[in-house]
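*Asks:* okay, sequence plus prediction incoming.
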Amino acid sequence: MKCYYLNNKRVQRPKSVIIGETTYVPPTEEQLLAAGYEIKEEPYVVKTISLSYGQRVDLLIRERYSLSEELAIQRQRDTKPEEFQEYFNYCEECKTRVKGNTNEGKNE
């Protein structure tokens, strides 16, 4: 992964640089070097994060329903019971899928 430094400080790749009286948008790597930037190749780092049971269930639900869609279904629970039941069944399926992938959530 390419990283950019200016005055020995790591910075984001600039969207433009000025060399003399000319502005370059977007600048090439040669133009960045001419403007005083250093370009270094650094290893890409993959970070692993741990999500709670509830966060994993929520991610699965978001694959099908946005938060505003969920709220609309909840508000119309009594007027559209078939739609609510479909939503409810999907949420239960998401919980089952997460429980099947981990021992967490057994008490939730």
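*Replies:* Cool, got the structure.

*Asks:* residues making contact with stretch 34-52?
*Replies:* By C-beta atoms under 8 Å, 6 or more residues apart in numbering, the residues outside stretch 34-52 that reach it are 1-7, 11, 14, 17-19, 27, 29, 32-33, 59, 104. Backbone N, C-alpha and C define where each C-beta goes, glycine included.

*Asks:* could you pull out the helices for this protein?
*Replies:* Using DSSP state H, the helices of the chain run over 29-34, 53-64, 67-75, 81-101.

*Asks:* let me have those in JSON lines, extended by distance to P43 and mean neighbour count.
*Replies:* Listed next are the helices of the chain as JSON lines, based on distance: least, C-beta to C-beta, whole Å; neighbours: other C-beta atoms under 10 Å:
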{"stretch": "helix 29-34", "distance to P43": "19", "mean neighbour count": "14"}
{"stretch": "helix 53-64", "distance to P43": "28", "mean neighbour count": "15"}
{"stretch": "helix 67-75", "distance to P43": "37", "mean neighbour count": "12"}
{"stretch": "helix 81-101", "distance to P43": "30", "mean neighbour count": "14"}
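
*Asks:* switch those over to JSON lines; also include distance to V46.
*Replies:* Output for the helices of the chain, formatted as JSON lines (distance: least, C-beta to C-beta, whole Å):
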{"stretch": "helix 29-34", "distance to V46": "25"}
{"stretch": "helix 53-64", "distance to V46": "19"}
{"stretch": "helix 67-75", "distance to V46": "29"}
{"stretch": "helix 81-101", "distance to V46": "20"}
